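Novice: Just to be clear, the model below is a prediction. Sequence and coordinates:
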Amino acid sequence: MKIIAYSYTDPLFEPAPDRFIWGWEVDRVYQDLGERAQLQQLLQDCQTETPDYLLIRRLEELGDSVQDVCHHLSEIESLGIKLIATNSEIQTQDLELKKAALLQLLNEIQQNQRSRRIRQGHARNRIKALPPPGKAPYGYRRGKDRYALDRSAAPVVKDFFEQFLLYGSLRGAVRYLEQKHGKKISVSTGRQWLTNPVYRGDLEYQNGEVISNTHVPIISREEAAQVERILRRNRRMPPRTASAPRSLSGLVVCGECHSSMTVSRVTTFRKDREYLYLRPTACPKQPKCKAIPYEQVLEQTIEGICRDLPRAVAGINMPDMDKIKSGIAGTIATKQDILSQLPNLTATGILDTETAELRAYKLRTEISELQSRLAQLPPVNLREIAQAVSIPQFWLDLSESERRFYFREFIRQIEISRHESTLHLQLLFIF
């Protein structure tokens, strides 16, 4: 018994299947990519040596139209070959029954081929780095072959990003947008703006692949990397502490009751003076743990960072970040050089246009992935930062919002324990 298999793949939007997907012991597999030369070879081979079974995944792979499918089915039937479509409802080995069933499935085949043509059109647009179908994101308008800035909306989006970078609060940036520009968006929409590659000048398609530098960005690469770091940092924080005005908010935990501590504000009768305290939010003890003066904890936190941070960083076995960055940058440069050679290869006839476009698309997606990896790396060497921030005056010269930013870059938690009238702080760093 001889069994052969045939598959058709459009390289624009789908990968070629594994040759061992059939679940049968197949004598030969015919695979077409984009054209159907192997299908014609299959039919010619069957004229000289007829197999017992032909395996295919779907009926519509036998042609680009219903007429082509019917024509090839008739040829296969005339040769006495038993056809099995593994991904189709038709599983009978009786060709006459299959032919009758085909009449019932003509509509389904037409719909599948129409869907395939739509996917082919989208894939061609994707390979040419054209915007995906649908309305342009807020801040842009659809141009002839790329997104163009909407001069009235782009400044609003830019202001939103700047507000988020300044204070690190998504909800705060959403409120600011409504107050200043009258643009009301939900928090989930704001989060989509922050993570949408389109505002970085990139295009992301439905298959998850990203192509860089396809249109004018609203934020720079450096700003985008900073947004990603703030979002990752905020995920570690308790809810509603990202926009807290005090630098220690969300970081302090009571060592006695293990409850998180919040900042409380107390004023005098005429409100001419203000006192800040840290108190447990859910202390189970009786009597409850006492509040602690905020300034006292802040001073000891700065002292602890200056004392412990360089030692903690020195104990980390860190890779050479400069070497890693230069390696990634070198790989990007190599791929960009290959990309620049494709027009010449096409002009000299070494590559046809379709092959060159596919290669260019693959290179662009690989470059985008490398740029994303590069952006996720720390901006400078951690040891150098540790030395710079180990000076007490550095912290004293910062505002509360600036101090909050740096605290959350290094500290995961501050645990306070009391020994009689003395406070002891244990700083847990994020690394």
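Specialist: Structure received.

Novice: quick one, strands of the stretch 301-431 of the chain?
Specialist: Here the stretch 301-431 of the chain has its strands, by DSSP state E, counting those that start in this stretch, at 411-419, 422-429.

Novice: Over to the stretch 151-300 of the chain?
Specialist: Applying DSSP E, counting those that start in this stretch to the stretch 151-300 of the chain gives strands spanning 203-204, 210-211, 252-254, 261-267, 274-280, 292-293.

Novice: picking that back up, if we compare the strands of the stretch 301-431 of the chain, which one ends up closest to N196?
Specialist: Each of the strands of the stretch 301-431 of the chain has some distance to N196 by Cβ to Cβ; the shortest is strand 411-419, at 28.6 Å. C-beta coordinates here come from the backbone N, C-alpha and C atoms, glycine included.

Novice: what are the ranges of the helices in this structure?
Specialist: All helices of the chain, identified by DSSP state H, fall at 37-48, 66-78, 95-127, 154-167, 170-181, 187-195, 221-235, 294-314, 321-347, 353-376, 382-388, 392-396, 400-410.

Novice: TSV for the ones you listed, including mean pLDDT and mean neighbour count?
Specialist: Listed next are these as TSV, based on pLDDT from 0 to 100; neighbours: other Cβ atoms under 10 Å:
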stretch	mean pLDDT	mean neighbour count
helix 37-48	89	14
helix 66-78	83	16
helix 95-127	68	14
helix 154-167	91	18
helix 170-181	90	17
helix 187-195	92	15
helix 221-235	84	16
helix 294-314	88	17
helix 321-347	88	13
helix 353-376	84	17
helix 382-388	76	15
helix 392-396	87	14
helix 400-410	81	18
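
Novice: and Y8, which of the ones you listed is closest to it?
Specialist: Here helix 37-48 is closest among those (Cβ to Cβ), at 7.3 Å.

Novice: Check which helices and strands the closest one sits against.
Specialist: On a contact count with 3 or more Cβ pairs under 8 Å, 6 or more residues apart in numbering; DSSP states H and E, helix 37-48 meets strand 3-9, strand 28-33, helix 66-78.

Novice: what's the angle from that helix to strand 28-33?
Specialist: Relative orientation of helix 37-48 versus strand 28-33 (axes from the mean of the first three to the mean of the last three Cα atoms, to 10 degrees): 150 degrees.

Novice: Also compute the angle for helix 37-48 relative to helix 66-78, please.
Specialist: Calculated by the same axes, to 10 degrees, helix 37-48 forms an angle of 30 degrees with helix 66-78.

Novice: what's in contact with helix 37-48?
Specialist: Here helix 37-48 makes contact (Cβ atoms under 8 Å, 6 or more residues apart in numbering) with 4, 6, 8, 30-32, 54, 62, 72, 75-76, 79, 81.

Novice: now swap in stretch 292-302 and tell me
Specialist: Contact partners of stretch 292-302, identified using Cβ under 8 Å, 6+ apart, comprise 246-248, 252, 261, 263, 275-279, 392, 395-396, 407, 411, 414, 416, 423, 425, 427.

Novice: Drop anything exposed from those.
Specialist: Buried subset of those (neighbour count, 16 or more other Cβ atoms under 10 Å): 246-248, 252, 261, 263, 276-279, 395, 407, 411, 414, 416, 425, 427.

Novice: Adding distance to Q371 and mean pLDDT, write the strands of the stretch 301-431 of the chain out as a markdown table.
Specialist: Output for the strands of the stretch 301-431 of the chain, formatted as a markdown table (distance: least, Cβ to Cβ, whole Å; pLDDT from 0 to 100):
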| stretch | distance to Q371 | mean pLDDT |
| --- | --- | --- |
| strand 411-419 | 28 | 87 |
| strand 422-429 | 29 | 87 |
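
Novice: Would you reformat these as CSV and include distance to L374?
Specialist: Putting the strands of the stretch 301-431 of the chain into CSV (distance: least, Cβ to Cβ, whole Å) gives the following:
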stretch, distance to L374
strand 411-419, 25
strand 422-429, 24
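
Novice: Out of those strands, flag the one nearest I185.
Specialist: Among those, strand 411-419 comes nearest to I185, with 31.0 Å by Cβ to Cβ.

Novice: Outline the domain layout of the chain.
Specialist: Annotated domains of the chain cover 3-127, 140-235, 239-431 [automatic domain parsing].

Novice: can you list those domains in a markdown table and add distance to G134?
Specialist: A markdown table is the format used below for the domains of the chain (distance: least, Cβ to Cβ, whole Å):
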| stretch | distance to G134 |
| --- | --- |
| domain 3-127 | 11 |
| domain 140-235 | 9 |
| domain 239-431 | 20 |
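
Novice: What residues of stretch 49-63 count as buried?
Specialist: Within stretch 49-63, the residues that count as buried by 16+ other Cβ under 10 Å are P51, Y53, L54, L55, I56, R57, R58, L59, E60, E61, L62, G63.

Novice: Not counting residues beside it along the chain, what's closest to the second one?
Specialist: Right, Y53. Closest residue in space to Y53, ignoring its immediate chain neighbours: I3 at 4.5 Å, by Cβ to Cβ, 6 or more residues apart in numbering.
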